[in-house]
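Participant: show me how the following folds:
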Amino acid sequence: MKESYIIHQLEAVKNAKRIYRDKAASYVLDHPEDIPELISLVFDIKSPLHIKAAWVLELVCIENILLMGPYATGFLKNMQQVVHESALRPVSKVCYFISKTYFSDNNKYFELGKESVDQIIECNFDWLIEEHKVATQVYAMDTLHLWGKQYKWVQEELKLILQKKTNSGSKGYQAHARKLLKNL
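Facilitator: As a prediction, the model looks like this:
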C-alpha cells in the first residue's frame with residue numbers, strides 16, 4: 001500500500017521546532033482534504049506519529065480553525081483518548097479554539113450537539129482536576145470559562161476548583177486562575 005503524503009510530512013517533523021511543524025501545517029492548509037487522516041493520526045495513540053499529528057493540527061487550527069468545522073464532532077468525541085502530555089496540550093488548545101469559535105458572534109461553522117458539549121465540559125474538567133502540565137490546564141480553564149457563560153453550573157464548579165487549587169498549583173496556574181476568578 002502506498003504511504004500517504006501526510007504521513008511523509010509528519011515523518012519529516014524531526015522535533016518540535018516550529019520550522020518543521022510549519023512545513024507540515026502548510027501542506028495540510030494547502031490540502032485540507034487530508035485533515036481527516038491527520039485527525040485520525042492524532043487519536044492513533046499507538047502510532048509514533050500521533051504527537052506530531054497533534055502539533056500540526058494545532059498549527060492548522062491557528063491558521064484556519066474553520067477547516068475543523070466538518071470534523072469538530074469527531075474530534076471532540078475522541079479527545080479523551082489522548083494521554084501523552086506532548087499531544088494533550090495541542091488537543092486542549094484545539095478544543096479551546098473550537099469553543100471560542102462556537103461562541104463567536106458570526107459562528108456559521110460549528111454546530112455542536114448536546115453530546116459534543118457534554119464531551120467538551122467533561123474532558124476539560126478532567127484535564128483541570130487531574131495532574132497535567134500547566135498549559136493543558138490553562139486551556140481547560142479558558143474553555144470552561146467560555147462554557148460557564150452558557151451553563152451556570154459549569155461556572156460555579158470552575159470557580160470552586162480554582163479556589164481550591166490556586167495555592168497549590170504552579171506559578172503559571174496560580175496567575176491564570178487568579179485572573180479567571182476575577183471574572184467569575
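Participant: which is the next helix or strand following the longest helix belonging to the chain?
Facilitator: Criterion DSSP state H: the longest helix present in the chain is helix 85-102. In the C-terminal direction, the helix or strand that comes right after helix 85-102 (DSSP states H and E) is helix 114-129.
Participant: residue 183 touches residue 142, doesn't it?
Facilitator: No - using CB atoms under 8 Å, residue 183 is not in contact with residue 142, being 10.8 Å away. No exception for glycine: its C-beta is placed from N, CA and C like everyone else's.
Participant: more neighbours: which of the two?
Facilitator: Per other CB atoms under 10 Å, whichever of residue 183 and residue 142 has more neighbours is residue 142, with 18 against 9.
Participant: excluding chain neighbours, give the residue nearest to the more buried one in space.
Facilitator: Nearest residue to residue 142 in three dimensions, chain neighbours excluded: residue 96, at 5.5 Å (CB to CB, 6 or more residues apart in numbering).
Participant: count of residues packed around that neighbour?
Facilitator: Taking other CB under 10 Å as the definition, residue 96 ends up with a neighbour count of 22.
Participant: wouldn't it be in contact with residue 144 here?
Facilitator: No - at 9.7 Å, residue 96 and residue 144 do not qualify as touching, with contact defined as CB under 8 Å.
Participant: distance from the chain centre to the longest helix of the chain, please.
Facilitator: 1 Å (CA atoms, centre = their mean, to the nearest Å).
Participant: can you give me the helices in this structure?
Facilitator: Here the chain has its helices, by DSSP H, at 5-11, 18-30, 35-42, 50-64, 72-78, 85-102, 114-129, 134-148, 152-165, 171-183.
Participant: of all those, which one is nearest residue 108?
Facilitator: Relative to residue 108, the nearest member of the helices of the chain by CB to CB is helix 85-102, separated by 9.8 Å.
Participant: what helices or strands is that closest one leaning on?
Facilitator: Here helix 85-102 touches helix 50-64, helix 72-78, helix 114-129, helix 134-148, going by 3 or more CB pairs under 8 Å, 6 or more residues apart in numbering; DSSP states H and E.
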